[in-house]
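**Student:** with the input below, show me the fold.
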Amino acid sequence: MLDFQVHQATGLQALSVLQGPQLVAMVSHGDESSDMPVLWKLCSAYLDLGYSITVLDATKRESHAAPGLARLLEDGFWPGGQNRPEAAWQILPAARGLQELHSRASAVGAAWPQLGQLFADDAVVLVYAKPEVLAALLRDSSARPLLAVSSSKNALLTSYLALKRLLMDGRIEPTIVNVGGLGGADVEDPMPTPVAVNLAECARNFLGYQVRMLRIASRQQGTGLEYDLKPLASRLLESGLALGSTTSRAIPQQAPRAEAFAGTH
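**Tutor:** Take a look at the predicted model:
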């Protein structure tokens, strides 16, 4: 396992003025001990960097009470003619809306520009979805969705299945982050958790894939640990998709080939 740390200087070239909203993604793989805390901290990191952000939560389906993305796609604008609420960030249920976007993209080519128009006042649009959804939406693209791996009991199984789905079905490589696990008393040098080590071994043995595991620098804060996700946030922007371009959906960038991975595990 090639294990390296995300430093503050990593990806800072992505922090220039963005040309329209940028799409980044995070995988929901059933490990809430890592997924939700990392999602909130990632959103906070973008706000700290001065970027407004909308989270499209594909794990939540739109409803009459919370019409979310589906309503916006139907109307083509925010209710009342508003571009977006005044809040610096928001979360919208988006399961049906993203499914509709994928159908349009399959039928008429890239459908991302409409998403870019809806969120033109945002710097970042973050799609939070299950691996099968991201594999379909981002297939053959340069996007590297975030896959957070904790030390929880089920993390190895859920993260491995998510990785396999992204590689095999989407032909996209995620940005894999080891959350938690410390070596000795030095909180500035977190060590990979056993789950992270085992994930790398499983990926190598069963998928023929070399995992590049990111470590997040941590610091002591009161009785707990705080993680600085701003370097990671900027790194995700580097591989993000520009929503203002009709060519943003398929920009192959060393995407893995399906035939390079075994499909029996």
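**Student:** what does the helix or strand hosting residue 55 contact?
**Tutor:** Element membership for residue 55, per DSSP states H and E: strand 53-57. With CB atoms under 8 Å, 6 or more residues apart in numbering as the test, strand 53-57 has contacts from 39, 43, 46-47, 69, 84, 88-95, 97-98, 119, 122-129. Just so you know, the C-beta spots here come from the backbone N, C-alpha and C atoms, and that holds for glycine as well.
**Student:** any chance of a PyMOL selection covering the buried ones in these?
**Tutor:** Of the contacts of strand 53-57, the buried ones can be selected in PyMOL as follows, counting by 16 or more other CB atoms under 10 Å:
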select buried, resi 39+43+46+69+89+90+91+92+93+94+95+97+98+119+122+123+124+125+126+127+128+129
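**Student:** that older thread, in its sheet, what does the strand holding residue 55 sit against?
**Tutor:** Using DSSP bridges, the strands paired with strand 53-57 are strand 89-93 (parallel), strand 124-129 (parallel).
**Student:** hey, least reliable of those by pLDDT?
**Tutor:** For the strands paired with strand 53-57, mean pLDDT drops lowest on strand 89-93, to a mean of 92.
**Student:** CA atoms of that one as CSV?
**Tutor:** Below are the C-alpha coordinates for strand 89-93, written out as CSV (Å, rounded to 0.1, in the frame of the first residue of the first chain):
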residue,chain,number,x,y,z
TRP,A,89,-24.1,26.1,1.9
GLN,A,90,-27.2,23.8,1.6
ILE,A,91,-28.1,20.2,1.4
LEU,A,92,-30.8,19.0,-1.1
PRO,A,93,-32.3,15.5,-1.5
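**Student:** next secondary structure after the least confident helix or strand in the chain by mean pLDDT?
**Tutor:** Least confident element among the helices and strands of the chain, by mean pLDDT, DSSP states H and E: strand 2-6 (a mean of 45). Proceeding N to C from strand 2-6, the next assigned helix or strand is strand 22-27, under DSSP H and E.
**Student:** tell me the mean pLDDT over that following strand?
**Tutor:** Strand 22-27 comes out at a mean pLDDT of 97.
**Student:** over to stretch 215-222?
**Tutor:** 63.
**Student:** change the start of the numbering to 34 and stick with it
**Tutor:** Taking 34 as the first residue, the last one we looked at is stretch 248-255.
**Student:** list the helices and strands the longest helix anywhere in the chain packs on?
**Tutor:** Ranked by number of residues, the top helix in the chain under DSSP state H is helix 65-81. If contacts are counted by 3 or more CB pairs under 8 Å, 6 or more residues apart in numbering; DSSP states H and E, helix 65-81 sits against strand 55-60, strand 86-90, strand 122-126, strand 157-162, strand 179-182, helix 263-271.
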